[in-house]
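In: could you look at this predicted model? Sequence included:
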Number of protein chains: 2
Amino acid sequence: MANITKKVSWSSRADESAAAGEGTPLLNGSEQPQHSRQDSLRGRPKEIPHNEKLLSLKYESLDYDNIENQLFLEEERRMSYMGFRCLEISRWVVCGLIGFLTGLIACFIDIVVEQLAGIKYQVVKENIEKFTEAGGLSISLILWAVLNSTFVMMGAIIVAFFEPIAAGSGIPQIKCYLNGVKIPRVVRLKTLVVKVCGVICSVVGGLAVGKEGPMIHSGAVVAAGVSQGRSTSLKRDFKIFEYFRRDTEKRDFVSAGAAAGVSAAFGAPVGGVLFSLEEGASFWNQMLTWRIFFASMISTFTLNFFLSIYHANPGDLSNPGLINFGRFESDSVAYNLYEIPLFIAMGAIGGLLGALFNVLNYWLTIFRIRYVHRPCLQVMEAMLVAAVTATVSFAMIYFSNDCQPLGPEHTEEYPLQLFCADGEYNSMATAFFNTPERSVRSLFHNQPGTYNPLTLGLFTLTYFFLACWTYGLAVSAGVFIPSLLIGAAWGRLCGILLASITSNSSTSAQDSTAIWADPGKYALIGAAAQLGGIVRMTLSLTVIMVEATGNVTYGLPIMLVLMTAKIVGDYFEEGLYDIHIKLQSVPFLHWEAPATSHWLTAREVMSSPVTCLNRVEKVGTIVDVLSNTSTNHNGFPVVVQVSGSDESGKLCGLILRSQLIVLLKHKVFVELARSRLTRRKLQLKDFRDAYPRFPPIQSIHVSQDERECMMDLTEFMNPTPYTVPQETSLPRVFKLFRALGLRHLVVVDDENRVVGLVTRKDLARYHLGKHGLEELQLAQT
Amino acid sequence: MANITKKVSWSSRADESAAAGEGTPLLNGSEQPQHSRQDSLRGRPKEIPHNEKLLSLKYESLDYDNIENQLFLEEERRMSYMGFRCLEISRWVVCGLIGFLTGLIACFIDIVVEQLAGIKYQVVKENIEKFTEAGGLSISLILWAVLNSTFVMMGAIIVAFFEPIAAGSGIPQIKCYLNGVKIPRVVRLKTLVVKVCGVICSVVGGLAVGKEGPMIHSGAVVAAGVSQGRSTSLKRDFKIFEYFRRDTEKRDFVSAGAAAGVSAAFGAPVGGVLFSLEEGASFWNQMLTWRIFFASMISTFTLNFFLSIYHANPGDLSNPGLINFGRFESDSVAYNLYEIPLFIAMGAIGGLLGALFNVLNYWLTIFRIRYVHRPCLQVMEAMLVAAVTATVSFAMIYFSNDCQPLGPEHTEEYPLQLFCADGEYNSMATAFFNTPERSVRSLFHNQPGTYNPLTLGLFTLTYFFLACWTYGLAVSAGVFIPSLLIGAAWGRLCGILLASITSNSSTSAQDSTAIWADPGKYALIGAAAQLGGIVRMTLSLTVIMVEATGNVTYGLPIMLVLMTAKIVGDYFEEGLYDIHIKLQSVPFLHWEAPATSHWLTAREVMSSPVTCLNRVEKVGTIVDVLSNTSTNHNGFPVVVQVSGSDESGKLCGLILRSQLIVLLKHKVFVELARSRLTRRKLQLKDFRDAYPRFPPIQSIHVSQDERECMMDLTEFMNPTPYTVPQETSLPRVFKLFRALGLRHLVVVDDENRVVGLVTRKDLARYHLGKHGLEELQLAQT
């Protein structure tokens, strides 16, 4: 727990904190972390041995298993049926609040981005128009680049200097959190503020990013905050929802928050629920699912409602999400059976391109981890990317001569005439000189003929590399929209090519062109394929896409495309989020143990020997155990010594470091010589007040006298920890651990004596590599 | 296991089999089943003490936990990575097959029903037209009633006499199966055949039923059959998919089958997945979910494809399900913010009407269980209902004088002119003289003014009572479509009334009537409300409705309506399926332990003492234990006696009755005097071949010599059963049991000695009643 007060960077900044494992063994030669001797290097920005073959010990687990100690059981037993009903109602209220606040945040981001981007485009457009005839467009370019870089600089500074965890989309972090890994500072208020400001800056700064991914993170932070009824950052405690101050409840609410975020981002409440379940749920509970659904529903509704007021059309519920794909009317763009192979082929292309994207980004991330880990370097890189993006866009617009007539049905907000004739506008500018959301929509819905193939091809190419370069910068931004945009561009290109092929070759042209003619359909399929190829979600992404298009007709093709993209992509490389999770060496538990791991048993997997405590233990021993920095245990089996036996005692409970810290803080000692001190009985409230930021052991002063006292753990330990025998196979241990969301699993022999402890890292260590089962090394960083 | 060969009726027929519990204690006074002394009554059709305060011991659990004995582990360890890949691929193949076959069955039912119903309506229509002018319409009525009764009689006879389990929609049975309860004969081929024929007969017989619910059951049977690679009924073993012959795998496939059924019934693949998860999944696994999704997708696609060929329009994918709500174009029927309170109010009405429906059906079911349990009575009741339905319909059509012009856009297949003027048709006949699916569609989509309010009101009233009477008859039929129809009728009525109120009162009529004018929208909301009020599903039903309408716009109102209907309905009475499950005294495990059950611990809950076996046990003892009919245990802890101690031994494994039966059958004995017999080593294959119909112990002959032999259980027992200490609280035990889908949970003391056994009935026994926590009684019937 020592590292909780230090800065731990998810992003590329070097973290120099010492180790903290769930229950690292005191002595186990082979698995001794390799870098524990590197402490001497502390202080200089060393090159961190980041690679995907390591598992970091710095991440703690969340405890999804209730600590059913005497205090807890007494409280539960005191509570009446009405008490439980009230709790249930307050859970619904919290979920409603989560949805409402998440919707509001989405609304705020949307409006601010629209206003700021509007001003920016207006200024640049006027400047370009001024200089088009007179010459000197390079001044416009500089203006554009400087404007963009300034916004991006602001966004990068707050992220890099104040809250590195707010970088990126936040989806990998939320995936980890829902998986049960405690990522430090990921659900703090400060992170939320930095995230929201950061995403506004980066979107307005014209980077190839979207504002949708960060919504998921924002929703999660809102949920973690609201459900606790207090803010540690603001030092306010509203004295409400105190019952929810534990990992079990908090994690459920964070699921709801993530779902509400997806819902607000894409107008996809069902998709949001499925996202949360796909990423988080180890145990599906019907009531929980409904509450998550409720939060999602409120979130999209709130966004919709406030946007309708903002658009001066209150009551019109046509903006359910930050991105709307616009209406696909089923008659105009129906698909036919023989198009399905084409869709599947596009899915394969998406998988390939996605894998390429991921591989490039993987190398880039490795490079960044090695060489770009100082905040100022990170800010400079972000500014460089912003300037390059502006320059490339400008060059593309400048050199393209794809002029389109400004028709009456034309919908561009900022048409650039440039060198086109009067009444025409530059079509390349539609794609670049616009927020990415608008560009996606115009690729889906603009009339056939709006874009020529060359424009689309060039756009795909440049945007692909820009987006790839951008993801992983120290700015808050998502990868959903760039992926959709790249996919929509090459999808539309495919559509145009198909239409030209069929109209050339087909004799019954009249009939077939009616179907092939609409490239918007192919843009949609391409977008799905590209996004699926990059992020590799299937069920939830299908539902999100279907909800975003507002039309169920496309359900089947989208499913097929996403499945193909996943299968093809997985052949080459993992999904983008998984790559980033691996590069951070997070002990992430997958759904099942590796298939070929039946020959491993708990005996091989567990950490042993384990530091055990006695039921009534000397305070000095406890302090020493907790202070031992080389093995930063977080959970300790409590044992009863069998009289007349020198073997280890029988298991009678499990106590957590955090509980011991609270006990030490409140001096819950039984003095030896004198009678028991009169002291206030420790209550659950004391543990809840300390949750989740328990002080480090160093901050607690224990005098020499006190060290001689005894501490009775009976009331506070969990008397019924889950146990497994030593012969249990790894898949069986894994299943128990994963299904119940455990943090510690005690391994006992047939006399109920403690022989080992299985924690998250012991299970996450084994994975299926190219050469069969591989074991990851454990590292302190 | 003794009862597996006897007939156990889910439906109302009396079952006279003796008891079979998971692990009924040998001796425990208070929990001794109350009716074990009623065996003397056997043989006469006694009145069964069915009420919802009982828990039947006749149902076994499925074992979702793999039996990881030595044989299993050896096989798994032998298997290479490629082997697991092949298994994974064959799982996908099986799911594809399940989807394909389920789609085909749906297609078959649809086509046969359409053909037969077409003939019937044509005959009756011609007859009515002949007699309308001439008088003597009573002959038409008789013709109609006789035709209907004949069809229904056929349907009822096959159900009542050949396979009572095929009665009803099958959804409660599948819910129980997915919950982990083994309902005898529910997934057999014979059940499928009877179900399919039965549903055709009852739909063609004009009952107030739908063909959708039974699809879910059909899909589940297909899944259970295909995944096993053999059919016991047909005595064919294809020697494939042998790996899948165990409860764990089979249950996963049945989930996929149920999803495929929903998908084919409603054209809702995502809804199908959610249905399976909502009802079944205790442990959500991503790969499993995808396979389920795949099966769903294939199913709807197959149906769509073959129906498109049948409709002579191949390649047109507009029939994704048995019921299609028709296309709701979003522009024509957009809803507005201020309509949401109206929708919620309609949800409340739906909840009330649903609760009324359920209460009436509850009483009716009690009545049926008491007095209508002979097959011939059941057939007669079904025929009576058919005749009454025909008569009531006829009377309603006869006495209504709601004539509508036969416009050019008119879509009735069988318009009845009756006493209307030429060029007009009787509008009441549209609702009654049609398959229910068509009626629903016409209520959703017919032009405003097609129905007058009186017609709708009368129709709602009569159909409500007819549907209520019909559900629970000994015919295969679902309650989805009747619910939708009732709801659509009163929903449309609401819409018409609202339109007339607003057009009278509103001054700016032009604007508002444009929105209020379309009663189809209200019909949809009413249908959702009524269905939600009766079955009380939320998330899955929302998605099903959204997918069936093909329009995401209605997502939000449908969600709100379904939630309201559930909250209001739950206040009065449970959902229809839950009522029927309770009335069958099935030990159904809900999601969580009752809220106020923390004061209960494993010690109070468990059955004890437990019959334990020694690791090397005398054959005679085993045979005696298995033959003891008064306590029909299914699982036995295996213990090692501690030398010099007369206490119960230490737990070292768990063995199932089914395993012991196989061991006895293959005479796997260690003879005492002589050396080991040379015998073939027993393999997993022997257990798989016997699965799932293990012979009863009575059928296995063990000679007196053999009784003296010993049997070594080491290789076959599960050496690492899950255990809990005695102090574990009920919610904790419940969570472990439910999350892992266990069948037996051993309770041990701190010396690892067996003190009790927790099985499904021990957990299902506790439920939250009106007066706090209640304990259900256990009954042998």
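Out: Good, I have the coordinates. Quick caveat: nothing in here was measured; it's all calculated off a predicted structure. Numbering: from 1, shown residues only, chains lettered A, B, ... in the order given.
In: what does the stretch 501-650 of chain A put close to chain B?
Out: Counting by CB under 8 Å from any CB of the partner chain, the residues of the stretch 501-650 of chain A close to chain B are A:538-539, A:542-543, A:546-547, A:549-553, A:555-556, A:559-560, A:563, A:591-592, A:595-596, A:598-599, A:640, A:650. Every C-beta, even on glycine, is put in place using the N, C-alpha and C of the backbone.
In: filter those down to just the ones in strands.
Out: Using DSSP state E, the subset of those located in strands is A:Val640, A:Lys650.
In: Provide a list of residues in contact with the spatially most central residue of chain A.
Out: For chain A, A:Ile171 is the residue whose C-alpha lies nearest the centre (CA atoms, centre = their mean; 1.9 Å). Shown in contact with A:Ile171 (CB atoms under 8 Å, 6 or more residues apart in numbering or on different chains): A:Gly213, A:Ile216, A:His217, A:Gly478, A:Tyr577.
In: residues from the stretch 651-781 of chain A in reach of chain B?
Out: So far as CB under 8 Å from any CB goes, the stretch 651-781 of chain A lies against chain B at A:651-652, A:719-720, A:722-725, A:727-729, A:732, A:735-736, A:739-740, A:748, A:750-752, A:768, A:772.
In: returning to that earlier point: out of the contacts of A:Ile171, name the ones that lie in helices.
Out: A:Gly213, A:Ile216, A:His217, A:Tyr577 (DSSP state H).
In: and the first one, how many neighbours?
Out: The number of residues packed near A:Gly213 is 28, by other CB atoms under 10 Å in any protein chain shown.
In: by mean pLDDT, flag the weakest helix or strand of chain A.
Out: helix A:509-516 (a mean of 49; mean pLDDT, DSSP states H and E).
In: rewinding a little: could I get the ones in helices among the contacts of A:Ile171 as a markdown table with pLDDT?
Out: Formatted as a markdown table, those follow (pLDDT from 0 to 100):
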| residue | pLDDT |
| --- | --- |
| A:Gly213 | 87 |
| A:Ile216 | 93 |
| A:His217 | 94 |
| A:Tyr577 | 92 |
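In: farthest pair in these?
Out: A:His217 and A:Tyr577 (12.3 Å; CB to CB).
In: of these two, which one has the most company?
Out: A:His217 (31 against 24).
In: the residue nearest to the more buried one when sequence neighbours are not counted: neighbouring residues, count only.
Out: The shortest distance from A:His217 to any non-neighbouring residue, by CB to CB, 6 or more residues apart in numbering or on different chains, is to A:Gly170 (2.7 Å). Look at A:Gly170: counted by other CB under 10 Å, it has 31 neighbours.
In: what's the answer for A:Leu234, then?
Out: 10.
In: that one: what secondary structure?
Out: Under DSSP: H, G, I helix; E, B strand; the rest coil, A:Leu234 falls in the coil class.
In: next, count neighbours for the closest residue to A:Met563 other than its chain neighbours.
Out: Nearest residue to A:Met563, sequence neighbours excluded (CB to CB, 6+ apart): A:Thr538, at 6.0 Å. Here the count is done by other CB under 10 Å, and A:Thr538 has 23 residues near it.
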